[in-house]
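**Student:** with the sequence up front, the predicted model follows.
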Amino acid sequence: MSSLERKSGTGAASIRDVAAAADVSIATVSRVVNNLPGVAPETAARVRRAVERLGYAPNPLARVLGSGETRVIGLALPRFHGEFMSWLLHGADEEATRLGYHLLVTTVTRDATGDHRRQVVGSKLIDAMLVVITEATDPLIELVAQTSLPTVVLDTDLSARGLDSVVLDNNKGTREAVEHLLRWVDPANLWFVGGPRGNSDTLARADAFTAALAERGHTIDPEQISMGEYSVDWGKEWAARMSARGMLGGGVIAANDKIACGIMRVAEEKRVWVPDQLRVVGFNDSELSRVIRPRLSTVALPMQEMGATAVRMLVQRIDNKEGPGRCVELPTRLVIRESSTAMNF
């Protein structure tokens, strides 16, 4: 058995191995695997048989050298990850694969001056780009708006600037949470504990919270809305401050499940019982919401669908670069568990 035959089925064969087995040049193999013209049918068939026998898997990035189309989509994520971004990535990757594209993921960072790393935009390795932008004032927006690459923005609506966008309907889930808690809690004793002050999702949820209470005839006290971080520690800090003032009770909508869990931890330490004395709703429907006790009511976010939708929009934009920017808004929904109402599951 030859060395080439021993590689059959392993996927370890190189383009040189295929060329030697088919008795053709490397350039000919490249033309065949990239479906380019100029190769005699009998020669192409011989190359394909060698590819199949040896288990050769061409590197998609290597096609950049021989074609103007890489079939690679770039996905630029912010520095923080976790379950929220993992599901988005999973959905985008599955949809890209289904449509015949590869996903190249990078993290958006900033240099010492605070400027974004410019190589994120316009890389020669990609045909199009997905960018997660979490703040409407992010300087990255200007870089993205200037790129000639087909682009879809996730989490911030930039359709007015001609960029296709996919966002969450934060209004729907927040209002469902407010209406749910108002069955037991007076509007004056309902609190919103948000993430970063400039975060688009936190701001949208805070606006929906304010509007829902206003519709009940309640003028919101500024102290009913607090901004901080998407972290357990921030939830603990807020709850400890409220406990010291004798105000740790009523109902809380936290901008993510980590904040909610921090609040619940301090409530337990202070013997403020959930849900009897304090009712809590989070956001994300993360794994954390299902393992904490009592289990956390939370607003579920369609992150996997968000990633898949963005890829579909991007492929459509690759095929048709003309036309105005579009925005797709995906629905959120309240999932009720024990932290906001006593239930038997």
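**Tutor:** Received the coordinates, thanks.
**Student:** all strands of the stretch 151-300 of the chain, in order?
**Tutor:** For the stretch 151-300 of the chain, the strands defined by DSSP state E, counting those that start in this stretch cover 151-154, 164-169, 190-193, 225-226, 250-254, 278-284, 297-300.
**Student:** can you pull the alpha-carbon coordinates of the second one into CSV?
**Tutor:** This means strand 164-169. Only the C-alpha atoms of strand 164-169 are listed here, as CSV (Å, rounded to 0.1, in the frame of the first residue of the first chain):
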residue,chain,number,x,y,z
ASP,A,164,-29.3,46.0,7.7
SER,A,165,-29.9,45.3,11.3
VAL,A,166,-31.3,42.7,13.6
VAL,A,167,-32.5,43.7,17.1
LEU,A,168,-34.5,42.4,20.0
ASP,A,169,-38.0,43.5,20.8
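**Student:** that strand: how far from the chain's middle?
**Tutor:** Offset of strand 164-169 from its chain centre (CA atoms, centre = their mean, to the nearest Å): 11 Å.
**Student:** elements contacting that strand?
**Tutor:** For strand 164-169, the helices and strands in contact under the criterion 3 or more CB pairs under 8 Å, 6 or more residues apart in numbering; DSSP states H and E are strand 151-154, helix 200-215, helix 303-319, strand 327-331. Where you see a C-beta, it was placed from the backbone N, CA and C, and this is true even at glycine.
**Student:** and for stretch 221-237, what's in contact with it?
**Tutor:** With contacts defined as CB atoms under 8 Å, 6 or more residues apart in numbering, stretch 221-237 is touched by 80, 188, 190-197, 199, 202, 206, 209-210, 213, 238, 254-256, 258-266.
**Student:** can you select the buried ones among the residues you listed for me in ChimeraX?
**Tutor:** The ChimeraX selection below is limited to those of these classed as buried (16 or more other CB atoms under 10 Å):
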select :190,191,192,193,194,195,196,199,202,206,209,210,213,238,254,255,256,258,259,260,261,262,263,264,266
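**Student:** quick one on the thing from earlier: now, of the helices and strands packed on strand 164-169, which is deepest in the fold?
**Tutor:** strand 151-154 (a mean of 26; mean count of other CB atoms under 10 Å).
**Student:** the worst-scoring helix or strand of the chain on mean pLDDT: what's the following helix or strand?
**Tutor:** One helix or strand of the chain scores below all others by mean pLDDT, DSSP states H and E: helix 3-6, with a mean of 42. Sequence-wise, the next helix or strand downstream of helix 3-6 (DSSP states H and E) is helix 15-22.
**Student:** return the set of buried residues in that following helix.
**Tutor:** In helix 15-22, counting by 16+ other CB under 10 Å, buried: 15, 17-22.
**Student:** which of these has the weakest pLDDT?
**Tutor:** For those, the weakest pLDDT value sits at Ile15, with 82.
**Student:** was I right about it contacting Tyr56?
**Tutor:** Yes - at 7.0 Å, Ile15 counts as touching Tyr56 under the criterion of CB atoms under 8 Å.
**Student:** picking up where we left off before, what's the closest of the buried residues of helix 15-22 to Leu143?
**Tutor:** The closest of those to Leu143 turns out to be Ile15 (CB to CB; 36.0 Å).
**Student:** next, count neighbours for the nearest residue to Lys258 once chain neighbours are set aside.
**Tutor:** Distance criterion CB to CB, 6 or more residues apart in numbering; nearest residue to Lys258, sequence neighbours excluded, is Val232 at 4.9 Å. Neighbourhood size, Val232 [other CB atoms under 10 Å]: 19.
**Student:** relative to Glu287, how far out is Val232?
**Tutor:** 14 Å (CB to CB, to the nearest Å).
**Student:** which residues does the closest residue to Glu135 other than its chain neighbours contact?
**Tutor:** With sequence-adjacent residues excluded and distances taken as CB to CB, 6+ apart, Glu135 is closest to Gly198, at 4.5 Å. Shown in contact with Gly198 (CB under 8 Å, 6+ apart): 135-137.
**Student:** okay, and the most centrally placed residue in the chain sits in which element?
**Tutor:** Here the mean C-alpha position of the chain is nearest to the C-alpha of Leu88 (CA atoms, centre = their mean), at a distance of 3.5 Å. Secondary structure assigned from DSSP H and E places Leu88 in helix 83-98.
**Student:** can you list the buried residues in that helix?
**Tutor:** Applying 16+ other CB under 10 Å to helix 83-98 flags 84-85, 87-89, 91-93, 95-96 as buried.
**Student:** nearest to Arg31 among the residues you listed?
**Tutor:** Arg31 has its nearest neighbour among those in Ala96, at 25.1 Å by CB to CB.
**Student:** ok, now how distant is the closest one from Leu301?
**Tutor:** For Ala96, the distance to Leu301 - CB to CB - is 20 Å.
**Student:** and for Arg216?
**Tutor:** 25 Å.
**Student:** comparing these two, which residue is more hemmed in?
**Tutor:** Leu301 (25 against 12).
**Student:** okay, the more buried one: pLDDT?
**Tutor:** Predicted confidence (pLDDT) for Leu301: 97.
**Student:** and if you look at Ser165?
**Tutor:** pLDDT, Ser165: 97.
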